[in-house]
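In: Structure of the sequence below:
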Amino acid sequence: MVATQRWLDSRGVYYQLADRYVRGGWFQKLAVGVYCRAGDRPSWAGAVHALQVHDEHCVYPGGKAALVMLGHGHFVQRGESKLTLFGPPASRLPKWFAEHDWGLKVEYRTNVLFDDAALGLSKRDIDGFQMQLSGAERAMLEMLLDVPGEISVGDASAIARGAYHPAPLCTATAFGVLFGPLSKAPRALARRSFRTPLDGQAFP
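Out: Numbers count the residues shown, from 1 in each chain. Next comes the predicted model:
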């Protein structure tokens, strides 16, 4: 688990006490105002959980990485180890997160797909931590930001079609923008595509 000073403050563990815990061997200091239990090996999942819950950052895993977390990674090449995080326009990851070695490549993107930033997000347990991440339909649209380029049209098609049976309108929306900028996709059509998400939850 990763704990930020803001979260510790809300529980009565102020900086002086946290520093005492570090000197006493109870806490390990990852950066200024960021800690974990002594002896723990902090994970990216714990760090993203801390960003979302402790510091209320609007940061979430998306794109192909989210599809893998949702169990649709059987079409992803083995050995790939990349975490794509999305956040609000003009935002940056905190320095402590960006500079720490989480054991995989971390990419941060601030692309705006929808007026409603929370549209198509879902909450899942990832490596023991509750966090928000892109639902399958939203993740597929985010994945298209890398098509063509890091992801070929063929690979994107295989991943999308392998994600169980996505809503037909969502599939039509996704492949309708494969050969053009995603920003030009009709927002109304994209919004309607989330009415039948894979996880069975209803979106407005």
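
In: which stretches of this structure have low pLDDT?
Out: Residue ranges of the chain with pLDDT under 70: 73-80, 162-204.

In: What are the contacting residues of stretch 90-109?
Out: Around stretch 90-109, the neighbours that count as contacts under C-beta atoms under 8 Å, 6 or more residues apart in numbering are 30-34, 42-44, 47, 51, 55, 57-59, 62-63, 81-87, 110, 145. Every residue, glycine included, has its C-beta placed from N, CA and C.

In: Could you measure from the residue nearest the centre of the chain over to residue 118?
Out: The residue lying closest to the centre of the chain (C-alpha atoms, centre = their mean) is residue 61, at 0.9 Å. According to C-beta to C-beta, to the nearest Å, residue 61 and residue 118 sit 14 Å apart.

In: same question, residue 138
Out: In terms of C-beta to C-beta, residue 138 sits 10 Å off from residue 118.

In: cool, residue 54 as well?
Out: Residue 54 is 19 Å from residue 118, by C-beta to C-beta.

In: Give the other helices and strands that the strand or helix carrying residue 68 contacts.
Out: Per DSSP states H and E, residue 68 falls inside helix 63-69. For helix 63-69, the packing partners by 3 or more C-beta pairs under 8 Å, 6 or more residues apart in numbering; DSSP states H and E come out as strand 82-86, strand 129-134, helix 136-143.

In: so how far is that helix off the chain centroid?
Out: In terms of C-alpha atoms, centre = their mean, to the nearest Å, the centre of helix 63-69 is found 8 Å from the chain centre.

In: Got the phi and psi for residue 7?
Out: Note on residue 7: its backbone torsions stand at phi -70, psi -40 [degrees, to the nearest 10].
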